[in-house]
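Just a sequence and a predicted model for now, questions to come.
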Amino acid sequence: MIHGHGGNIHELARRLGCPPETIIDVSSNINPLGPPPGLMDHLRERRDQLLPETRKLWLDAGGEKSGRWAEVFGTSPRAEEAFMGWHYARYVEAVAAAGPWTPTTRLISISAVFDGPVMSV
């Protein structure tokens, strides 16, 4: 585990009174599934079209093509914000797709995570 990131599974298990192996920690840097394949495909296919901030975040961490989130984007606050932003956007997309919608229905999503763009998809 990268220091300062991820959950302390053993402490949580102690508090809950359960075995550590019954806890699945999907913290951004240790989630074994890593970034979604669609995101990685997008980064590779549109590398030169990404927002400068997104490209910098990805390339500063080494431009990895797979791995845990922290291996692909690093562990900076910007990387954490990108993690939350990506998943929040996917959630809003799912809500929008679920409908049903009428011509007067409006979906409003307001999110203030940071002071500038990080992830453009």
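Nice, I can see it.

C-alpha only now, for contacts and for neighbours.
Fine.

ok, the most centrally placed residue in the chain to F73 distance?
Averaging the C-alpha coordinates of the chain gives a centre point, and the residue nearest to it by C-alpha atoms, centre = their mean is F83 (2.2 Å). According to C-alpha to C-alpha, to the nearest Å, F83 and F73 sit 9 Å apart.

Could you do P19 as well?
Here the distance between P19 and F73 works out to 31 Å (C-alpha to C-alpha).

The two: which has the busier surroundings?
Neighbour count, other C-alpha atoms under 10 Å: between P19 and F73, F73 has more, with 28 against 12.

Provide the backbone phi and psi angles at the nearest residue to I23 once chain neighbours are set aside.
Among residues not flanking I23 along the chain, I9 sits closest, at 6.9 Å (C-alpha to C-alpha, 6 or more residues apart in numbering). With angles defined as degrees, to the nearest 10, I9 shows backbone torsions of phi -60, psi -40.

Compute the number of surrounding residues for I9.
Using other C-alpha under 10 Å: I9 sits among 16 other residues.

Could you tell me what pLDDT the model assigned to it?
Reading off the confidence values, I9 has pLDDT 75.

can I assume it is in contact with P20?
Yes. The pair I9 and P20 passes the contact test of C-alpha atoms under 8 Å, sitting 5.9 Å apart.

Could you tell me which ranges of this protein sit under the pLDDT cut-off?
Low-confidence segments of the chain, defined by pLDDT under 70, span residues 1-7, 24-33, 105-121.

switch to 50 and redo it
Regions of the chain meeting the criterion pLDDT under 50 cover residues 1-5, 117-121.

Just the helices from it, written as ranges.
Counting by DSSP state H, one finds helices in the chain at the ranges 9-16, 37-45, 52-60, 69-73, 77-98.

so can I have CSV of the ones you listed showing distance to T104?
Formatted as CSV, the entries for the helices of the chain read as follows, by distance: least, C-alpha to C-alpha, whole Å:
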stretch, distance to T104
helix 9-16, 46
helix 37-45, 32
helix 52-60, 35
helix 69-73, 39
helix 77-98, 14
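
Buried deepest among the ones you listed, which one?
When you average the neighbours per residue for each of the helices of the chain (mean count of other C-alpha atoms under 10 Å), helix 69-73 leads with a mean of 23.
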